[in-house]
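Trainee: Using only what follows, build the 3D model:
(one chain, ligands or ions: 1)
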Amino acid sequence: MFICRGLLAWFPVRRESPLFVIIRSYIWAVPIVGILGFVASGLEGLGISLLIPLLSLLLTDPASVSVLPIPSFLTQISLFFAAKPGLPAVATIIFLMVLVKAIVQAINGIFVAWVDSSAGHEIRCRLAHRLLVVGYPFFLAEDPARLIGVISTEAWKASEAVRVFFSMITAIGATIVFSVLLCIVSWKLFLLTMAGVVLIRALQSRFILHAKTLSERATTANHDLGDRMRLIGFDISRALRVFGQEHREQQRFERGSGEVRKALMSVERLAVLMDALVEVLHAALFIGILLSAYLTGVSVPVLIAFLTLLYRMQPYVRSLSQARLQLAASQTSIQEVEWLLDPTGKPMPPSGEICHEGITQGITFKKVGFTYAHRPEAGSVLSEVSFTIRPNAATALIGRSGSGKSTIVNMLCQLLQPTSGSIEVDGIDLSRIDPVSWRRQIGLAGQDVELIDGTVAENIAYGFPDATMVKIRQAAQLSDAESFISRLPSGYETEIGDRGLGLSGGQRQRIGIARALVRRPSLLILDEATNSIDALSENAILALLRQPKWPMAIVVVSHNLDTLRNCEYGVVLAEGRVVEVGPPAELRSVHHFVAGIAGSAGVG
Ligand SMILES: Nc1ncnc2c1ncn2[C@@H]1O[C@H](COP(=O)(O)OP(=O)(O)OP(=O)(O)O)[C@@H](O)[C@H]1O
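Mentor: The predicted structure is shown next:
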């Protein structure tokens with residue numbers, strides 16, 4: 001085990017990092033791969049060594065085998081077979097050795113593939129787990145392209161590195177076995193060969209260092225390109241068409257792709273150059289061996305066996321040096337995977353333990369302040385925010401863009417925690433309430449509905465596995481979605497795809513509201529969830545929601561004055577502060593606020 005741990009030092013991973021822990025959990029496979037590799041190469045090497053008695057029998061009188069200048073144990077084998085059935089027996093033994101070697105090698109290959117795919121699977125699952133459990137602020141601070149890059153590319157490269165690492169162990173085993181046999185067959189030629197190989201390796205090490213730098217450059221260029229791809233494919237796909245920016249974006253993409261091409265080319269060019277140079281140097285070494293064999297009087301059978309052993313050893317030595325190059329090149333990918341897997345420095349999710357059911361007295365914000373941790377220089381986005389969301393009533397959050405409404409909504413969902421002050425639910429600090437039980441009571445519908453790949457019914461029931469068809473229909477009726485769903489080809493069973501491409505913005509929002517309602521939440525949050533729905537439907541939805549048979553606290557974020565009139569309370573925000581609280585009709589600043597929007601946006 002000590003040796004196995006020592007071998008792990010070759011894997012470019014930080015000690016005790018989560019990735020190292022995964023790799024270390026497969027340490028038991030190292031001796032198995034090593035032994036299988038040893039056996040396979042041992043059989044192959046011995047088979048080749050038997051060429052000496054075979055060739056001796058072919059080239060000379062069997063009686064003269066004893067005087068051949070060959071290693072003594074091979075002389076004994078030659079003499080043994082010279083007295084026995086001779087040639088056919090040696091040939092059969094060589095063939096059997098090759099056959100068994102092929103079987104052992106195949107078993108080793110399949111075993112390494114199993115270890116590699118299992119480790120890759122574990123890395124991917126741990127990455128997914130990290131993304132699912134990390135605190136929400138992580139996603140606000142991080143570049144999505146970097147995250148996509150880690151999951152789609154770097155994780156794959158890291159698991160590939162595991163395969164390379166194990167193939168390296170096989171190659172090490174084979175190199176040791178072949179070296180020992182070469183030494184036995186002719187130690188003089190072996191020493192010469194070793195001197196040549198050490199020189200070649202020293203040269204390779206310089207290439208490897210350079211390859212590392214180049215591969216870092218390639219990874220950075222790939223990230224930037226991923227960013228551009230996301231922008232033109234998703235984020236600005238509409239805007240770039242409307243503003244006729246296709247040509248400009250194409251040019252920018254081509255520049256980015258050109259950078260990636262250049263960086264990848266440098267890595268590939270280096271690998272190809274190194275291969276070519278190593279091949280030439282190996283050829284020079286080969287000629288050197290022939291000359292010294294001639295000068296030192298090595299016999300033909302010994303020379304042939306030596307060269308065959310050397311020839312068969314080459315792929316292992318080559319794969320060893322390639323493996324080192326590949327491991328060095330994958331270091332950046334491995335670092336990226338390590339970074340994402342490592343919980344250190346990442347925001348933790350809320351950890352309250354109190355299970356609190358229902359809202360009886362209300363949710364109270366007490367002098368809440370908030371600063372985005374990744375942008376401390378921007379200062380507080382909320383300062384001393386105090387107001388109450390009452391049960392069985394609708395509270396409107398009103399304020400201009402950037403006034404802090406979404407930040408408050410995220411705090412209500414326990415996605416963000418106040419940096420000062422507190423939020424209390426029926427007198428209990430929200431941070432002490434178990435996030436799973438709390439979120440189970442929240443129905444959130446936003447402006448952009450995150451549809452999942454599935455049917456309409458599955459989308460409405462998302463996050464509420466107990467939803468029956470009756471409950472799904474009820475929720476769809478309340479959100480005024482039933483009429484358009486019934487016109488879909490398969491009604492509730494219509495597949496809508498993860499981006500809901502066949503649906504209008506208003507239809508998507510209705511499904512979003514139905515999803516929020518199906519779980520019968522104690523707190524319904526409509527965060528600009530009706531801004532794509534016409535005013536008539538929107539009023540109808542809100543009127544239905546206000547039915548007394550279904551009591552809940554409702555928080556509405558909307559820029560539509562009519563929507564606000566349907567609420568009992570309004571909280572007017574400006575630059576992260578509460579300006580006024582009260583029934584919307586009595587709020588003086590709300591008229592000023594709406595007039596401000598109408599003035600600046602040209603709408604009434
Ligand atoms: N992910 C973020 N990282 C850093 N700052 C942010 C982030 N999201 C919002 N902010 C800042 O916080 C402040 C409040 O933003 P918030 O999104 O809560 O306002 P809002 O009232 O919901 O705006 P809108 O009506 O435009 O959605 C703004 O100054 C904004 O720049």
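Trainee: Helices along the stretch 201-350 of the chain, start to end?
Mentor: 237-242, 246-296, 300-329, 331-341 (DSSP state H, counting those that start in this stretch).
Trainee: among those helices, which is the most enclosed?
Mentor: Among the helices of the stretch 201-350 of the chain, helix 331-341 has the highest mean neighbour count (mean count of other CB atoms under 10 Å), at a mean of 22. From N, CA and C alone the C-beta is placed, and that goes for glycine too.
Trainee: right, and the helix or strand after that one?
Mentor: Where DSSP states H and E defines the elements, the next helix or strand beyond helix 331-341 is strand 363-370.
Trainee: Tell me the strands beside that following strand, with direction?
Mentor: For strand 363-370, the paired strands and their directions (DSSP bridges) read strand 382-389 (antiparallel), strand 420-425 (antiparallel).
Trainee: buried sites along it?
Mentor: Buried residues in strand 363-370, counted by 16 or more other CB atoms under 10 Å: Ile363, Thr364, Phe365, Lys366, Val368, Phe370.
Trainee: any idea how far Glu142 is from the spatially most central residue of the chain?
Mentor: The centre of the chain sits closest to Ile151, judged by CA atoms, centre = their mean, with a distance of 2.0 Å. Distance, Ile151 to Glu142, by CB to CB, to the nearest Å: 12 Å.
Trainee: ok, now Tyr462?
Mentor: Here the criterion is CB to CB. By it, Tyr462 lies 25 Å from Glu142.
Trainee: between the two, which one's more packed in?
Mentor: Per other CB atoms under 10 Å, whichever of Tyr462 and Glu142 has more neighbours is Tyr462, with 18 against 15.
Trainee: Which stretches in the stretch 501-604 of the chain count as strands?
Mentor: In the stretch 501-604 of the chain, the segments counted as strands under DSSP state E, counting those that start in this stretch are 523-527, 553-557, 569-574, 577-582.
Trainee: could the ones you listed be laid out in TSV, adding distance to Ile35 and mean pLDDT?
Mentor: Shown next, in TSV, are the strands of the stretch 501-604 of the chain (distance: least, CB to CB, whole Å; pLDDT from 0 to 100):
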stretch	distance to Ile35	mean pLDDT
strand 523-527	61	89
strand 553-557	65	89
strand 569-574	69	88
strand 577-582	71	90
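Trainee: just checking, next helix/strand downstream of the helix or strand containing Ile103?
Mentor: Ile103 belongs to helix 87-133 when assigned by DSSP H and E. Sequence order places helix 137-141 as the next helix or strand after helix 87-133, per DSSP H and E.
Trainee: what residues does that following helix touch?
Mentor: Applying CB atoms under 8 Å, 6 or more residues apart in numbering, the external contacts of helix 137-141 come out as Leu147, Lys346, Pro347, Tyr372, Ala373, His374, Leu415, Leu416.
Trainee: And the helix holding Ile103, what does it pack against?
Mentor: Helix 87-133 sits against helix 18-24, helix 29-49, helix 51-59, helix 72-83, helix 155-185, helix 331-341, with contacts defined as 3 or more CB pairs under 8 Å, 6 or more residues apart in numbering; DSSP states H and E.
Trainee: Check which residues of the first one are buried.
Mentor: Neighbour-count burial for helix 18-24, with 16+ other CB under 10 Å as criterion, is recorded at Pro18, Leu19, Phe20, Ile22, Ile23, Arg24.
Trainee: how far away is the last one from Gln474?
Mentor: As judged by CB to CB, Arg24 and Gln474 stand 53 Å apart.
Trainee: go on, the fourth one?
Mentor: Between Ile22 and Gln474 the distance, using CB to CB, works out to 46 Å.
Trainee: same check, this time on the third one
Mentor: As defined by CB to CB, Phe20 lies at a distance of 52 Å from Gln474.
Trainee: List the contacts of the residue nearest to Leu199 when sequence neighbours are not counted.
Mentor: Nearest residue to Leu199, sequence neighbours excluded (CB to CB, 6 or more residues apart in numbering): Leu281, at 7.8 Å. Counting by CB under 8 Å, 6+ apart, Leu281 touches Gly196, Leu199, Ile200, Leu203.
Trainee: Need those in JSON lines (columns: distance to Ser386 and secondary structure).
Mentor: Below are the contacts of Leu281 laid out as JSON lines (distance: CB to CB, whole Å; DSSP: H, G, I helix; E, B strand; the rest coil):
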{"residue": "Gly196", "distance to Ser386": "80", "secondary structure": "helix"}
{"residue": "Leu199", "distance to Ser386": "76", "secondary structure": "helix"}
{"residue": "Ile200", "distance to Ser386": "74", "secondary structure": "helix"}
{"residue": "Leu203", "distance to Ser386": "71", "secondary structure": "helix"}
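Trainee: Going by distance to the ligand, which of those residues wins?
Mentor: Among the contacts of Leu281, Leu203 lies closest to the ligand (CB to the nearest ligand atom), at 49.7 Å.
Trainee: Model confidence at that closest one, what's the number?
Mentor: Looking at Leu203, its pLDDT reads 83.
Trainee: Am I right that it is in contact with Leu277?
Mentor: Yes - assessed by CB atoms under 8 Å, Leu203 is found in contact with Leu277 at 7.3 Å.
Trainee: Now the phi/psi pair for the residue of the stretch 201-350 of the chain found nearest the ligand, please.
Mentor: Of all residues in the stretch 201-350 of the chain, Pro347 sits closest to the ligand, at 12.4 Å by CB to the nearest ligand atom. Here is the backbone geometry of Pro347 (degrees, to the nearest 10): phi -60, psi 140.
Trainee: Give me the phi and psi angles of the closest residue in space to it that isn't next to it in sequence.
Mentor: Spatial nearest neighbour of Pro347, chain neighbours left out: Gly135 (3.1 Å); criterion: CB to CB, 6+ apart. Here is the backbone geometry of Gly135 (degrees, to the nearest 10): phi -60, psi 150.
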